[in-house]
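1. sequence-free structure coming up:
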Ligand code: CP
Ligand code: NVA
């Protein structure tokens, strides 16, 4: 059966470790795997803008021997003239995989239901699982625990919009890796109950946990990783979200939170808004690994493609 990657828990804990190990291997030896040599084409569709996702998939697919077909917003019939199901039926005859950045998670599920080739979520309103593969690879590089998958038992604290795609993915991917995930966010922006429930059940087998709090300072205490994301995600209304009255103003990642942590790694999926969700001092400081994190998009997604094409 075709494997898809629509959300973080589409890989089991053991499979996640396989992909992360392969990502490390491909970082050491970038051209060692050529599953797309031929070359085969991978469609990479965007309904939202992108820098990292676009460049990392384009260069990663090329490095695997394939040819990326980038389709920008409004460039295909999808979404206005043609259904997702018909698009999937056409694409599966011409490409080896479909990578799609879109709005509704249900659209990705529909694409996967009708495609006999792997469908990869490269960001939806609900999840950003490719980003989390890169984040976990980065955390392991800098904070390997020295046992197991190298991640289990570490504490990752996320601050800001606890209801967005990144927060949901930190909850699921972090707990999938056996980590302790803390979400510090205003009560109006906590992760969806369904996401928390899935993580809690998963944590019973991985040893991971999730904690949701409104108290940023306590969330930072002793944490190994501090992470945040934009206060205004793509497709959201800007009004009131990024000004001084923003509901997230008390959740800025700054020197005070870093001081409370366990000399934490500072992470951010980028693009970042200095002075809003994170201070320049912290994101440009010595604990920041944000550009390793950006680079690892390339290695982690190559590993994901190889893994999906082989399963
Ligand atoms: N982090 C991330 O997905 O960046 P882009 O929006 O630039 O692709
Ligand atoms: N939450 C952000 C992530 C960008 C990579 C957004 O969806 O815009």
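-> Now that the structure is in, tell me what you want to look at. As the structure is a prediction and not an experimental result, all values here were calculated from the model. Ligands and ions are numbered 1, 2, ... in the order given.
2. return the residues of this protein in contact with ligand 2.
-> For the chain, the contact set with ligand 2 under CB under 6 Å from any ligand atom comprises 123, 128, 164-166, 229-230, 233-234, 269. (C-beta placed from N, C-alpha, C; glycine too.)
3. what average pLDDT does the lengthiest helix in the chain get?
-> Using DSSP state H to define each element, the chain has its longest helix at helix 290-310. Average pLDDT, helix 290-310: 98.
4. hmm, that helix touching ligand 1?
-> No: for a cut-off given as CB under 6 Å from any ligand atom, helix 290-310 has no contacts with ligand 1; the smallest distance is 7.1 Å.
5. which of the residues in that helix are buried?
-> By neighbour count with 16 or more other CB atoms under 10 Å, helix 290-310 contains the buried residues 290, 292-309.
6. ok, the residue of the chain positioned farthest from its centre to residue 75 distance?
-> Here the centre of the chain is the reference, and by CA atoms, centre = their mean the most remote residue is residue 81, at 29.9 Å. Distance, residue 81 to residue 75, by CB to CB, to the nearest Å: 12 Å.
7. could you do residue 284 as well?
-> Distance from residue 284 to residue 75, by CB to CB: 36 Å.
8. residue closest to the middle of this protein?
-> Nearest to the geometric centre of the chain sits residue 131, at 2.5 Å (CA atoms, centre = their mean).
9. tell me the pLDDT of the closest residue to it other than its chain neighbours.
-> Spatial nearest neighbour of residue 131, excluding adjacent residues (CB to CB, 6 or more residues apart in numbering): residue 269 at 4.9 Å. Per-residue pLDDT puts residue 269 at 98.
10. right, and residue 269 touches residue 128 too?
-> Yes: Residue 269 sits in contact with residue 128 when judged by CB atoms under 8 Å, with a separation of 6.8 Å.
11. who's in contact with the residue of the stretch 201-311 of the chain found nearest ligand 1?
-> Here the stretch 201-311 of the chain gets closest to ligand 1 at one residue, residue 269, 3.8 Å apart by CB to the nearest ligand atom. Shown in contact with residue 269 (CB atoms under 8 Å, 6 or more residues apart in numbering): 52, 128, 131, 135, 166, 229, 293.
12. now, among those, which is nearest to residue 249?
-> Relative to residue 249, the closest of the contacts of residue 269 is residue 229; by CB to CB it sits at 14.8 Å.
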